[in-house]
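>>> What follows is a protein structure lacking sequence information:
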């Protein structure tokens, strides 16, 4: 059985349309709010990033932060599915948003 992330990659490869950068940033900001609203997710995010709560706001302004938020969401299927449901966003679109935020020559973390 294929995982949701496998389906995202396959579905995105079949489609030529994607998510524009503005929409991708909005989705990543929404994902950050989703993470912050769940203490368990927030603690895991902070542990993985090495950030403190106090450093989070400053880090959010850095160029690589929002793609990292989506990498965090995409890296754990139950979190991906929960965020997709909470934001009423198909999981595939979250993967598309991550690719839209990739810098030239960078591969997304999927």
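That came in fine, so what should we check first? Keep in mind it's a predicted model, so treat the numbers as computed, not measured.

>>> longest helix of this protein?
Across the chain, the helix with the greatest residue count (assigned by DSSP state H) is helix 21-36.

>>> List the buried residues for that one?
With burial defined by 16 or more other CB atoms under 10 Å, the residues of helix 21-36 counted as buried are 24-25, 27-28, 30-32, 34-35. For the C-beta atoms, the positions are set from N, CA and C on the backbone; glycine is no exception.

>>> Now do that helix: distance to the chain's middle.
Counting by CA atoms, centre = their mean, to the nearest Å, helix 21-36 is centred 7 Å from the centre of its parent chain.

>>> Can you name the next helix or strand after that helix?
helix 39-49 (DSSP states H and E).

>>> Tabulate the buried residues of helix 21-36 in TSV, adding columns for distance to residue 49 and pLDDT.
Formatted as TSV, these follow (distance: CB to CB, whole Å; pLDDT from 0 to 100):
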residue	distance to residue 49	pLDDT
24	19	96
25	18	95
27	19	97
28	14	97
30	18	97
31	14	98
32	11	96
34	16	98
35	10	97
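
>>> out of these, who's nearest residue 47?
Looking at the buried residues of helix 21-36 and their distance to residue 47, the nearest is residue 35, at 12.1 Å (CB to CB).
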